[in-house]
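Visitor: No letters, just coordinates:
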């Protein structure tokens, strides 16, 4: 082991000058003192030169590669609104002058030519609240006058409630799709003329819709559990009252065509274990949280073959976070991960299965280079750089599972994007006030998120599926609904 000795030139110079001065007084003549001073100055210069040679040269800062600015898509003002939005209803008005104009050439009165100068503007009609009054016919018997019967009532989400299906759906989707708190919804309604809408009653409406859509929720669960690849993530969920445990968690289980949430008062691995025990999963993609690993280990003991894949975005993020204090040391790792994600981006643009396989194979030497650099690195103990290096090396096998199977995503960003709405919702309305609220939260977020995964408007799907349940027809999940719409 080499011992590094730091030299202070100023201190060494002063000591040397004093020692030599004492010796000179004993053995040299007075006239040689000036010569001695010049010799000591030369020694100082030599020490400084040696120090400069021994000290490591500072690394040049990396050249910043200017990212190409994304071209902003400017609005095409040459297109009329009816051309941009062909599905919108067009309300046409013919505009006439109060009096026919006079000709500027001959001063005679002008007449309509049958031609029009057309212009268009995009307009909006504010939300309209109305009361639907149903008058059910009463039948009586004119023979005996012994009985009277009413016409059957129309199907409704809640027969005992004064609120209709459209309002129940609108309130629920305003909260769980548009992330508008119920109190704010009531304030918006008041500004539109509907004053005094009770917030507590509106919250009750979301519970009614969630319970009504329970069959859809359970079918989504089967859809996710039957997938060979399941992505998992969780986020805190506050239980404001109604349970002894305040710190609950919203657990998310995702396939590439559906999303299923469950709320629990624990972050134990028993939650994913319970869900995965009934699944057909072969691959699981997570952020390497130990609870998922414990669940996978328990399932392997029961004979299930499960391959764990880990999120490369987390590995990159650790190196990026460490770069604030370890910029030069983490530079090579960030550059290599940049190459990996560039290859992935180009492969996605091609949308060919063979291109994905070739892209993943081209990443193999880059991952090996990152591993070699991580093994050579000597980070300071307990530093952010050490955390980044250890995460990569300890989870290397899981981080590289995506190289063997192009169907496994490079990272878990898909799950994190879906979790964004529940996270924003939690920050907006702080949490739920009961276990029933947590269940409603799970059901409606599952259905709305599954719609978004399949590029379906929840405001089209939920009224459709509610009507289908009323008619006792087959229930379709958002994914199945998308297939149904595409098939015509």
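Guide: The structure has been received and is ready for your questions. Values in this document were obtained by computation on a predicted structure and should not be read as measured data.
Visitor: C-alpha from now on. contacts and neighbour counts both.
Guide: Will do.
Visitor: Helices along the stretch 251-400 of the chain, start to end?
Guide: Secondary structure of the stretch 251-400 of the chain by DSSP state H, counting those that start in this stretch: the helices cover 270-277, 290-301, 312-322, 327-350, 353-362, 364-376, 384-394, 396-399.
Visitor: so which of the ones you listed gets nearest residue 121?
Guide: Nearest to residue 121 among the helices of the stretch 251-400 of the chain is helix 327-350 (36.0 Å), distances taken as Cα to Cα.
Visitor: which helices and strands sit right next to the closest one?
Guide: Judged by 3 or more Cα pairs under 8 Å, 6 or more residues apart in numbering; DSSP states H and E, helix 327-350 is in contact with helix 312-322, helix 353-362, helix 364-376.
Visitor: As JSON lines, these with distance to residue 484 and mean pLDDT would be great.
Guide: JSON lines is the format used below for the helices and strands packed on helix 327-350 (distance: least, Cα to Cα, whole Å; pLDDT from 0 to 100):
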{"stretch": "helix 312-322", "distance to residue 484": "35", "mean pLDDT": "94"}
{"stretch": "helix 353-362", "distance to residue 484": "26", "mean pLDDT": "90"}
{"stretch": "helix 364-376", "distance to residue 484": "41", "mean pLDDT": "94"}
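Visitor: Pick the most buried one from these.
Guide: Stretch with highest mean neighbour count among the helices and strands packed on helix 327-350: helix 312-322 (a mean of 20; mean count of other Cα atoms under 10 Å).
Visitor: distance between it and the chain's centre?
Guide: Centroid separation for helix 312-322 versus its chain: 16 Å, with Cα atoms, centre = their mean, to the nearest Å.
Visitor: what's the angle between that helix and helix 384-394?
Guide: On the basis of axes from the mean of the first three to the mean of the last three Cα atoms, to 10 degrees, helix 312-322 is oriented at 160 degrees to helix 384-394.
Visitor: In terms of secondary structure, what does helix 312-322 contact?
Guide: Secondary-structure packing of helix 312-322 (3+ Cα pairs under 8 Å, 6+ apart): helix 327-350, helix 384-394.
Visitor: List phi and psi for the residue nearest the centre of the chain.
Guide: In the chain, the residue lying closest to the centroid (Cα atoms, centre = their mean) is residue 417, at 1.8 Å. Dihedral angles phi and psi of residue 417 (degrees, to the nearest 10) take the values phi -70, psi -40.
Visitor: Tabulate the helices and strands packed on helix 312-322 (JSON lines), appending mean neighbour count and mean pLDDT.
Guide: Putting these into JSON lines (neighbours: other Cα atoms under 10 Å; pLDDT from 0 to 100) gives the following:
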{"stretch": "helix 327-350", "mean neighbour count": "16", "mean pLDDT": "92"}
{"stretch": "helix 384-394", "mean neighbour count": "19", "mean pLDDT": "94"}
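Visitor: Next, format these as a markdown table and append distance to residue 227.
Guide: Rendered in a markdown table, the data for those read as follows (distance: least, Cα to Cα, whole Å):
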| stretch | distance to residue 227 |
| --- | --- |
| helix 327-350 | 22 |
| helix 384-394 | 27 |
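Visitor: of all these, which lies closest to residue 305?
Guide: If we rank those by Cα to Cα, the stretch that ends up nearest is helix 384-394, at 21.2 Å.
Visitor: How far does that closest one sit from its chain's centre?
Guide: Offset of helix 384-394 from its chain centre (Cα atoms, centre = their mean): 24 Å.
Visitor: from what I can see residue 311 touches residue 284, true?
Guide: No: under the criterion of Cα atoms under 8 Å, residue 311 is not in contact with residue 284, lying 10.5 Å apart.
Visitor: unless I'm mixing things up, residue 431 is touching residue 242, no?
Guide: No: Residue 431 is beyond contact range of residue 242, at 11.5 Å (criterion: Cα under 8 Å).
Visitor: quick one, which of these two is more surrounded?
Guide: More neighbours sit around residue 431 than around the other of residue 431 and residue 242, counting by other Cα atoms under 10 Å; the figures are 21 against 13.
Visitor: Identify the residues contacting the nearest residue to that one once chain neighbours are set aside.
Guide: Distances taken as Cα to Cα, 6 or more residues apart in numbering put residue 238 closest to residue 431, at 4.6 Å, once the chain neighbours are dropped. Contacts for residue 238 were tallied using Cα atoms under 8 Å, 6 or more residues apart in numbering; they are 246-249, 426, 430-432.
Visitor: likewise residue 422?
Guide: Here residue 422 is in contact with residue 445 (criterion: Cα under 8 Å, 6+ apart).
Visitor: Could you report the pLDDT at it?
Guide: Each residue has a pLDDT score; the one for residue 422 is 94.
Visitor: Then it would be within a strand, right?
Guide: No: residue state for residue 422 (DSSP: H, G, I helix; E, B strand; the rest coil) corresponds to helix; a strand is not indicated.
Visitor: Okay, strands next: where are they in this structure?
Guide: 138-140, 148-150, 229-238, 247-254, 259-264, 283-286, 307-310 (DSSP state E).
Visitor: Out of the ones you listed, which gets nearest to residue 124?
Guide: Taking Cα to Cα as the criterion, strand 259-264 is the member of the strands of the chain that comes nearest to residue 124, at 33.2 Å.
Visitor: what about that closest one, average pLDDT?
Guide: For strand 259-264, mean pLDDT rounds to 96.
Visitor: same deal with stretch 212-220?
Guide: This predicted structure assigns stretch 212-220 an average pLDDT of 97.
Visitor: in it, what's buried?
Guide: Residues 213, 216-217, 220 are the ones in stretch 212-220 that count as buried (16 or more other Cα atoms under 10 Å).
Visitor: Dump those to TSV, plus distance to residue 322.
Guide: As requested, those are exported to TSV (distance: Cα to Cα, whole Å):
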residue	distance to residue 322
213	46
216	44
217	41
220	40
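Visitor: closest to residue 133 among these?
Guide: Minimum distance to residue 133 across the buried residues of stretch 212-220 is 25.5 Å, recorded for residue 213 (Cα to Cα).
Visitor: Distance of residue 102 relative to residue 257?
Guide: Distance of residue 102 to residue 257, computed by Cα to Cα, to the nearest Å: 66 Å.
Visitor: Tell me which of those two has more neighbours.
Guide: In terms of neighbours (other Cα under 10 Å), residue 257 is the more surrounded of residue 102 and residue 257; the figures are 18 against 12.
Visitor: Hmm, that one is touching residue 480, no?
Guide: No: contact criterion Cα under 8 Å: residue 257 and residue 480 do not qualify, at 9.6 Å.
Visitor: Nearest spatial neighbour of residue 146, chain-adjacent residues omitted?
Guide: Leaving aside its sequence neighbours, residue 146 sits nearest to residue 140 (Cα to Cα, 6+ apart; 7.9 Å).
Visitor: no no, residue 318
Guide: Closest residue to residue 318 in three dimensions, ignoring its sequence neighbours and counting by Cα to Cα, 6+ apart: residue 388, at 4.8 Å.
Visitor: go on, residue 179?
Guide: Of all residues not flanking residue 179 in the chain, residue 425 sits nearest, at 5.7 Å (Cα to Cα, 6+ apart).
Visitor: For residue 105, see how far away the one you found is.
Guide: In this view, residue 425 and residue 105 are 67 Å apart by Cα to Cα.
Visitor: higher neighbour count, those two?
Guide: When residue 425 is set against residue 105 and neighbours are counted by other Cα under 10 Å, the residue ahead is residue 425, at 20 against 6.
Visitor: beta partners of the residue nearest to residue 431?
Guide: For residue 238, the residues forming beta bridges with it (DSSP bridges) are residue 247.
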